[in-house]
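**Q** have a look at this fold, sequence not included:
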């Protein structure tokens, strides 16, 4: 990969390497970690099959988040945003006797539970107030996928503001909005993911009946459990992320993973 000059201050401290300002170097190291994990998982699945477990077991491979490399505001971090680089994750299933297939339409991790229930013949609850998602093979191209994440923005000097970031993906279109703790939309826009897959050029939101309904949905908070009470009070907790009493070796390992400053 060619040299890609970056501002190292935009890299979180736990990932920053002294005197390296080449983004390609960081990406290469990240790719090496992925290759290592891939090889280890491959060995695990080989033993799994050798033991005969693959004849009856279902294997699921997924992740809870992606990673910003050098696309957006903070490099090599998954933050609290709804960029596709963070929200798009691998989702692979292997079933006994299953045939290879790829689903190209958007799906959600909430589809995983009904998919597994359906595969083992367990009835899927119909109460959509407490249960969401559908089997993967029932997803249609016109279905919408909702995204939500929250976090603080600002500086120590200017103060911190808690924002919920919400988005809706339908086909190749993605609408997004940032909502403050009072429920007011403070920023919004949309992306044409077919033309702009890296989400670098947001388009203006063209208001109309459909857009206004979507804006109302963003303001209504699709996931009311997602905002901590401390954030609603405007408090930003600065307590350590890790419980006290950890050894220096444990702290070094956790710091390398980004779980402690």
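**A** Thanks, I have it. As the structure is a computational prediction, the values presented were derived from the model and not from experiment. Numbering: from 1, shown residues only.

**Q** gap between residue 103 and residue 138?
**A** 11 Å (Cβ to Cβ, to the nearest Å). Using the backbone N, CA and C atoms, a C-beta is placed for each residue, glycine as well.

**Q** next one: stretch 91-100 to chain centre, how far?
**A** Put simply, stretch 91-100 sits 23 Å off its chain's centre (Cα atoms, centre = their mean, to the nearest Å).

**Q** ok, then the element right after the longest helix anywhere in the chain?
**A** Scanning the chain for the helix with the most residues, using DSSP state H, yields helix 23-50. Next helix or strand after helix 23-50 toward the C-terminus (DSSP states H and E): strand 59-62.

**Q** roughly how far is the helix or strand just after that next one from the heart of the chain?
**A** The C-terminal neighbour of strand 59-62 among helices and strands, as given by DSSP H and E, is helix 84-87. The chain centre lies 5 Å from the centre of helix 84-87; the measure is Cα atoms, centre = their mean.

**Q** list the contacts of residue 169.
**A** 106, 144-147, 193 (Cβ atoms under 8 Å, 6 or more residues apart in numbering).

**Q** give me the buried positions along the one helix or strand it maps to.
**A** Element membership for residue 169, per DSSP H and E: strand 159-170. Buried residues in strand 159-170, defined by neighbour count with 16 or more other Cβ atoms under 10 Å: 161-169.

**Q** what is the burial count for residue 22?
**A** For residue 22, the count of nearby residues is 16 (other Cβ atoms under 10 Å).

**Q** hmm, it is touching residue 5, no?
**A** Yes. Using Cβ atoms under 8 Å, residue 22 is in contact with residue 5, at 7.1 Å.

**Q** just name the shakiest helix or strand of the protein by mean pLDDT.
**A** Least confident helix or strand, the chain: helix 229-232 with a mean of 58, by mean pLDDT, DSSP states H and E.

**Q** do you know how far residue 17 is from residue 8?
**A** Distance of residue 17 to residue 8, given as Cβ to Cβ: 8 Å.

**Q** isn't residue 149 up against residue 83?
**A** No. With contact defined as Cβ under 8 Å, residue 149 does not reach residue 83; the gap is 9.3 Å.

**Q** ok, the two, which is more surrounded?
**A** Each of residue 149 and residue 83 has its neighbours counted (other Cβ under 10 Å); residue 83 has more, 23 against 19.

**Q** mind checking pLDDT for that one?
**A** At residue 83, the pLDDT value in this model is 92.
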